[in-house]
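**Q** Following is a predicted model, sequence given first.
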Number of protein chains: 2
Amino acid sequence: MKYSERVTAMQASPIRKLVPYALEAKSRGIKVYHLNIGQPDIKTPKGFFDAVKNFDSTVLEYAVSNGIPELISALQDYYATYDMHYEKDELLITNGGSEALLFTMMATCDPGDNLLVPEPFYTNYNGFGQCVNVSVNPITTKAEDGFHLPSKEKICSKINSKTKGILLSNPGNPTGAVYTKDEINMIAEIAIENNLWIIADEVYREFVYDGLDYTSFGNVKEVEDRVVIIDSVSKRYSACGARIGSIASKNKELIAEILKLCQGRLCVATLEQLGSVELYKTPASYFKEVNEEYKHRRDVLYNELMKVDGVVCEKPTGAFYIVAKLPVDNAEDFVIWMLREFNKDGETVMVCPAEGFYATEGLGRDEVRLAYILNESDLHKAATILKEGLEKYVELNKNIQKSTVEA
Amino acid sequence: MKYSERVTAMQASPIRKLVPYALEAKSRGIKVYHLNIGQPDIKTPKGFFDAVKNFDSTVLEYAVSNGIPELISALQDYYATYDMHYEKDELLITNGGSEALLFTMMATCDPGDNLLVPEPFYTNYNGFGQCVNVSVNPITTKAEDGFHLPSKEKICSKINSKTKGILLSNPGNPTGAVYTKDEINMIAEIAIENNLWIIADEVYREFVYDGLDYTSFGNVKEVEDRVVIIDSVSKRYSACGARIGSIASKNKELIAEILKLCQGRLCVATLEQLGSVELYKTPASYFKEVNEEYKHRRDVLYNELMKVDGVVCEKPTGAFYIVAKLPVDNAEDFVIWMLREFNKDGETVMVCPAEGFYATEGLGRDEVRLAYILNESDLHKAATILKEGLEKYVELNKNIQKSTVEA
């Protein structure tokens, strides 16, 4: 039988494809610290579970396609605290940020169109794009620049007649970069001058450290008719398994178009929506606490990485990821080696090769993404193991190269 | 701003687009019986809610992309009762039957490809198709034939080089038709001879009346490498708001390709999966009871419709819908008239115009879909009101035509 070209062209998830090596290590009794996935260990606010448990209808009916009114209203209140004011018909609830992205791509791009995306990017941007025939048009950013954007000229040089928008995550997954006000304004200018959509994935909005200012595209008045904000409760409230995302745009026509897609899939799970109403009522103090915790974790991991000769990365200021250039030829080989060959007192670490986060062939081969989502004590252990593993791997490879040269 | 052609081409949901008229009627104090949507009033098995309430982790984590092992295993057991035997890597859990359909379309068709679909069809087939640039290639079936399939020659004459499969629902939504063993075998033959996929939407598998035999495509050995079974808990267990669907295929390669799409959207809601494990353990006696209930309802509605001169429809034998040809020029006008102009003692009925269930221009304009999802007493009232409304509308239109002719 023949499968579609679009599905066969899709890469396997770089975040999940090495899982078999981890399972194999575990079967040998090795403890594996997972820094490869963005699954936080922070408790989901209890209000979520209470709301779900208090559901007392006897029939679990379809919800309305755009999202239940209580959740739309809670989302409005949440945005208002950031001086972002959306009317009810400017918001849609989706099956996670994933569906929000997929639907926005479908509504703004036809097959053959492309979106500008700073790389490295959240790897599923590529996946979503491939399955609806939209290509990622990469703007390369670099570890040594802290993954900040290149010049306006460089970005504009990538625009062609099929470019429909700019898609970016801020704070960045996987980079942890937080764009400056100047960068945000530059993107807004480019979008206006070239009539592009701005698809702003801001699911890590609250994860900004060091007292840095954060500018949402939802606060840039000049582009409000072309901005789409993608959001999710997954990371914000450590509720990844709820699959509740959202789309916000002051462009009511766009929302009306996407609503047709929402009607096609009928609705989002009723109970998860009820639970999420309570999540969006979580007091701001929650974020402050969580924020402090992640900042510590970042420092632990970053400081340990910096002790290894040849590691290149700027200290990230947002989200909970670090992309680091390692002194290795092929990061995937290193990740597999850590799982198959290395352990320290029966423990090892799994990180994620970064090549799959790039669209430009060959980039990211010597980089990894690390998620600092473990508690401080575990993370400290994991970071130490990673450092020792990396040092040993570099040493081993030096010897191999030496003996090859000598042979 | 410009929206994609694919999204602007999508029709608004014919099932949901007339809702404003119903709301307006309600605001005038009119009670509206809804026969326009397939939202059953049957209780969701309590096990679902118990499982959700018993969840006791403090973090709501991502689930695995293919579906939690407990649910995969419960689904295997369920299929085994129909002599359908799937291995774990032949099943995927999805966000409702909707996502199952969308992903299957994406994995089997590229933009520009088409799927043969008997019309009238579940209207979202068209919607899903449009948003991924796959077109519905309609095989017309007729009310007077009970919506059974035309000859093999007629079906084959529609096949072209871009035809990748046959998509059909059995029992049929909106037709209520249950295909005979001969029809199933004919489709299987056509699929083999033309190397087509068979995408079998069997979400109404248990809703078959009058002791009729039901043949699942999952039981036709000759085509097992080309059959994809779409399923859902929505109608089966009256759990529409759970959004738990599934894909089953003995073609492991296809499942592996679709798994990439599942990985892209990360996972399906954890709690709803846990609840659905219990649904799939519901004893067969539940279906027997529910089945009896729906059979009664069908009879109530069908018998009342048959009392109106000029109504054409065969008694349906499955699902919980009737498509009837009415003695009117434009069924949508009639539906709106019922909501705006007609009431009997302050009550009226909403049904769904069937035109949106056809891909062939002009077909279905005089037809409606009725869902018999109310309890017997309400349904009886609704059917009586509908009959009286229809008779009055026909009478009124006769007079208008008469006076136009005389003028």
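**A** Nice, I can see it. Every value quoted in this text rests on a predicted model; they were computed, and no experiment measured them.
**Q** Is stretch A:280-292 in proximity to chain B?
**A** No - residues of stretch A:280-292 are not located near chain B by Cβ under 8 Å from any Cβ of the partner chain, the shortest gap being 12.7 Å. C-beta: built from backbone N, CA, C; applies to glycine.
**Q** Around chain B, pick out the residues from the stretch 151-300 of chain A.
**A** A:164, A:195, A:197, A:225-226, A:234, A:238-243, A:251, A:253-254, A:257-258, A:260-261, A:263-272.
**Q** Out of those residues, which sit inside helices?
**A** A:Glu253, A:Leu254, A:Glu257, A:Ile258, A:Lys260, A:Leu261, A:Gln263, A:Gly264, A:Thr270, A:Leu271, A:Glu272 (DSSP state H).
**Q** Next, count neighbours for the second one.
**A** The burial metric for A:Leu254, expressed as a neighbour count using other Cβ atoms under 10 Å in any protein chain shown, is 24.
**Q** quick one, what contacts it?
**A** With contact set as Cβ atoms under 8 Å, 6 or more residues apart in numbering or on different chains, A:Leu254 has these partners: A:Ala107, A:Thr108, A:Val228, B:Met1, B:Tyr3.
**Q** The nearest residue to the last one once chain neighbours are set aside: what's it in contact with?
**A** This means B:Tyr3. Leaving out its chain neighbours, the residue that sits closest to B:Tyr3 by Cβ to Cβ, 6 or more residues apart in numbering or on different chains is A:Glu257, at 5.0 Å. A:Glu257 makes contact with A:Ala107, B:Tyr3, B:Val7, B:Thr8, according to Cβ under 8 Å, 6+ apart.
**Q** Just put those in JSON lines and tack on secondary structure, pLDDT and neighbour count.
**A** Below are the contacts of A:Glu257 laid out as JSON lines (DSSP: H, G, I helix; E, B strand; the rest coil; pLDDT from 0 to 100; neighbours: other Cβ atoms under 10 Å in any protein chain shown):
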{"residue": "A:Ala107", "secondary structure": "helix", "pLDDT": "97", "neighbour count": "25"}
{"residue": "B:Tyr3", "secondary structure": "coil", "pLDDT": "96", "neighbour count": "20"}
{"residue": "B:Val7", "secondary structure": "helix", "pLDDT": "94", "neighbour count": "21"}
{"residue": "B:Thr8", "secondary structure": "helix", "pLDDT": "93", "neighbour count": "14"}
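**Q** of all those residues, which two lie farthest apart?
**A** A:Ala107 and B:Thr8 (8.8 Å; Cβ to Cβ).
**Q** For chain B, what's its nearest residue on the stretch 101-250 of chain A.
**A** A:Gly241 (3.4 Å; Cβ to the nearest Cβ).
**Q** Is that residue in contact with B:Glu61, as I believe?
**A** Yes - between A:Gly241 and B:Glu61 there is a contact under Cβ atoms under 8 Å: 5.2 Å.
**Q** how about the longest helix along chain A: buried residues?
**A** The longest helix of chain A (DSSP H) is helix A:376-406. By neighbour count on 16 or more other Cβ atoms under 10 Å in any protein chain shown, the buried set for helix A:376-406 is A:379-387, A:389-390, A:393-394, A:397.
**Q** near chain B at all, that helix?
**A** No - using Cβ under 8 Å from any Cβ, helix A:376-406 never reaches chain B; the gap is at least 14.5 Å.
**Q** ranges for the helices of the stretch 101-250 of chain A?
**A** Per DSSP state H, counting those that start in this stretch, the stretch 101-250 of chain A carries helices over the ranges A:124-131, A:152-156, A:181-194.
**Q** JSON lines for these, including mean neighbour count and mean pLDDT?
**A** Shown next, in JSON lines, are these (neighbours: other Cβ atoms under 10 Å in any protein chain shown; pLDDT from 0 to 100):
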{"stretch": "helix A:124-131", "mean neighbour count": "24", "mean pLDDT": "93"}
{"stretch": "helix A:152-156", "mean neighbour count": "13", "mean pLDDT": "98"}
{"stretch": "helix A:181-194", "mean neighbour count": "16", "mean pLDDT": "98"}
